[in-house]
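[1] can't give you the sequence, but here's the structure:
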């Protein structure tokens, strides 16, 4: 879970794109689409506030791109970059 409240007005895509497209949903696919260079990974730690429980994650609406999901390669890159500071979930252990 990322809390970008303090930074949203500085977002290069403008302050309205995230609340319009990615609020309260699994927005990993949007992150992959718009941040191909992985440079944005550098900011993740400063916004990280924790993990959802598996039960809460199941309640999230999937993204609105006809069920599209982030690619496995992107998810592996993301896990690799964040593994030093992310809290492990039961499913990951």
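    Received it, and whenever you're ready, just let me know what you need. Keep in mind it's a predicted model, so treat the numbers as computed, not measured.
[2] return the set of buried residues in the biggest helix by length in the chain.
    Longest helix of the chain, by residue count under DSSP state H: helix 72-82. Neighbour-count burial for helix 72-82, with 16 or more other C-beta atoms under 10 Å as criterion, is recorded at 74, 78. For every residue, glycine as well, the C-beta is placed using N, CA and C.
[3] how far does it sit from the chain's center?
    11 Å (C-alpha atoms, centre = their mean, to the nearest Å).
[4] for that helix, packing partners?
    helix 28-34, helix 41-47 (3 or more C-beta pairs under 8 Å, 6 or more residues apart in numbering; DSSP states H and E).
[5] OK, contacts around the residue nearest the centre of the chain?
    Taking C-alpha atoms, centre = their mean as the criterion, residue 28 is the residue nearest the geometric centre of the chain, at 4.4 Å. With contact taken as C-beta atoms under 8 Å, 6 or more residues apart in numbering, residue 28 is in contact with 63, 69-70, 74-75, 78.
[6] tell me, how many residues neighbour residue 29?
    If you count neighbours by other C-beta atoms under 10 Å, residue 29 ends up with 20.
[7] what of the one 3 residues further on?
    Around residue 32 sit 19 other residues, with neighbours defined as other C-beta under 10 Å.
[8] mind checking pLDDT for it?
    For residue 32, the model assigns a pLDDT of 91.
[9] the one 10 residues further on now?
    Looking at residue 42, its pLDDT is 88.
[10] then residue 11?
    Taking residue 11 on its own, its pLDDT is 89.
[11] ok, for it, nearest residue in space, not its chain neighbours?
    Here the nearest residue to residue 11 in space, its sequence neighbours aside, is residue 18; by C-beta to C-beta, 6 or more residues apart in numbering that works out to 6.4 Å.
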